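Trainee: Based on what follows, work out the 3D shape:
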Amino acid sequence: MEKAARTYVAGHRGMVGSAVLRLLEARGHTNLLCRTSKELDLRDGRAVEQFFAETRPEYVIVAAAKVGGILANSTLPAEFLYDNLAIQTNLIHHAYLHGVKKLLLLGSSCIYPRDCPQPIREEYLLTGPLEKTNEWYAVAKIAGIKMCQAYRRQYGCDFIAAMPTNLYGQNDNFDLRSAHVLPALIRRFHEAKQTGEAPVLWGTGSPRREFLHVDDCAEACLVLMDRYSGEDIVNVGAGKDIPIADLATLVAEVVGYRGEIQWDRTKPDGTPRKLMDGSKMLQLGWHPHISLRQGLQQTYDWYQAQRGGIPAARY
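Mentor: Have a look, this model is predicted:
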């Protein structure tokens, strides 16, 4: 991407979008287009059409989405499906209509089947049933992937899609009603340290998850924009995973909580394991730099600076 090119980061106040924006600014990009959800409702096709007509972006990075953990996905299935389908459809279609040079759609590792062989390769998409606890979000993201592929095949659009693993870092969502596992753990242990009451965590702690710091993901996004063009999706992962029980212990150490940890085994675990095969990104010359412990400390420091955390913007 040329540093003076008109570049639109959709979802620039969310965790991923804000990290991409910071990196673009640090690298000297001077023509960045950003709109808050109040300024531009991405679910509104007419509003999106007007925005593209007025600003004429050359590059688009789609980091806008309605996201959340198991509880949010279970209680708001219609919103997760409709909002994400609408956001993606409007952005991809109007990127085509207004001649965008390149578009990157960010998906999620939850698009893959629940019982996938490990590590997960890109070709495993649509080879088995999805995890029920987040299928609404996954179905929407799969539709976005297929839309990028369809517009590439039919119209020759340089639209690509990347599938990051579980992300965390600055501007994460720490609202326990909708947070993913890692920010939820940070908040629960922080509050447990203050109250002295042992946190009760969902499930058994046995599932394994992979975590990537959002700043490493942002760097991967720019590598893809500069070096990759193809129909195939690309995994973005850290290359190693950890049991949730071990993650909880690590978070407790970083936060400084030294009490008991309780597990509510009546609650769902979710997918047993999700470890991404990130060989395509490695071949493009990218690799993560931030260790899990280092990233956790940075994230907790940021959380404390926010006086308990703030909910991340959705789109």
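Trainee: alpha carbons only for contacts and neighbour counts from here, please
Mentor: Fine.
Trainee: Now stretch 292-304: buried residues?
Mentor: 292, 295, 296, 297, 298, 299, 300, 302, 303 (16 or more other CA atoms under 10 Å).
Trainee: Need the contact partners of that stretch.
Mentor: 168, 169, 170, 186, 211, 212, 213, 250, 251, 254, 255, 309 (CA atoms under 8 Å, 6 or more residues apart in numbering).
Trainee: Redo the buried residues of stretch 292-304 as CSV? Include pLDDT, distance to residue 203 and secondary structure.
Mentor: Formatted as CSV, the buried residues of stretch 292-304 follow (pLDDT from 0 to 100; distance: CA to CA, whole Å; DSSP: H, G, I helix; E, B strand; the rest coil):
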residue, pLDDT, distance to residue 203, secondary structure
292, 97, 22, helix
295, 98, 24, helix
296, 98, 22, helix
297, 97, 25, helix
298, 97, 27, helix
299, 97, 24, helix
300, 96, 23, helix
302, 95, 27, helix
303, 95, 25, helix
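Trainee: ok, now which ones touch the closest residue to residue 159 other than its chain neighbours?
Mentor: Closest residue in space to residue 159, ignoring its immediate chain neighbours: residue 103 at 4.7 Å, by CA to CA, 6 or more residues apart in numbering. By CA under 8 Å, 6+ apart, the contact set of residue 103 is 59, 60, 61, 62, 92, 95, 158, 159, 160, 225.
Trainee: Where does the fifth one fall, secondary structure wise?
Mentor: Spelled out, that is residue 92. helix 77-97 (DSSP states H and E).
Trainee: can you map out the helices along the stretch 101-250 of the chain?
Mentor: 135-155, 181-195, 214-227, 244-255 (DSSP state H, counting those that start in this stretch).
Trainee: of those helices, which approaches residue 47 most closely?
Mentor: Ranking these by proximity to residue 47 (CA to CA) places helix 135-155 first, at 19.5 Å.
Trainee: which of the residues in the closest one are buried?
Mentor: Buried-residue list, helix 135-155, by 16+ other CA under 10 Å: 135-145, 147-149, 151-152.
Trainee: now that helix: mean pLDDT?
Mentor: Mean pLDDT, computed over helix 135-155, is 97.
Trainee: Could you list every helix and strand that it packs against?
Mentor: helix 77-97, strand 102-106, strand 159-164 (3 or more CA pairs under 8 Å, 6 or more residues apart in numbering; DSSP states H and E).
Trainee: In its sheet, which strands sit next to the last one, and in what direction?
Mentor: Okay, so that is strand 159-164. Sheet pairing of strand 159-164 (DSSP bridges) gives strand 102-106 (parallel), strand 234-236 (parallel).
Trainee: mind listing what's buried in the worst-scoring helix or strand of the chain on mean pLDDT?
Mentor: The least trusted helix or strand in the chain, going by mean pLDDT, DSSP states H and E, turns out to be helix 70-75, with a mean of 81. For helix 70-75, the buried set under the neighbour-count rule, 16+ other CA under 10 Å, comprises 70, 71, 72, 73, 74.
Trainee: Contacts for it next, please.
Mentor: Helix 70-75 is contacted by residues 80, 133, 134, 136, 137, 177, 178, 179, 180, 270 when judged by CA under 8 Å, 6+ apart.
Trainee: just the buried members of those residues?
Mentor: 80, 133, 134, 136, 137, 178, 179, 180.
Trainee: list the contacts for residue 211?
Mentor: With contact taken as CA under 8 Å, 6+ apart, residue 211 is in contact with 165, 166, 167, 168, 237, 238, 241, 292.
Trainee: Could you check how far the residue nearest to residue 116 when sequence neighbours are not counted is from residue 188?
Mentor: Nearest residue to residue 116 in three dimensions, chain neighbours excluded: residue 124, at 7.2 Å (CA to CA, 6+ apart). Note on residue 124: its distance to residue 188, by CA to CA, to the nearest Å, is 34 Å.
Trainee: the more surrounded of those two?
Mentor: Neighbours were tallied for residue 124 and for residue 188 using other CA atoms under 10 Å; the higher tally belongs to residue 188 (23 against 13).
Trainee: Enumerate every residue touching the more buried one.
Mentor: residue 199.
Trainee: For it, give its distance to residue 245.
Mentor: Distance from residue 188 to residue 245, by CA to CA: 14 Å.
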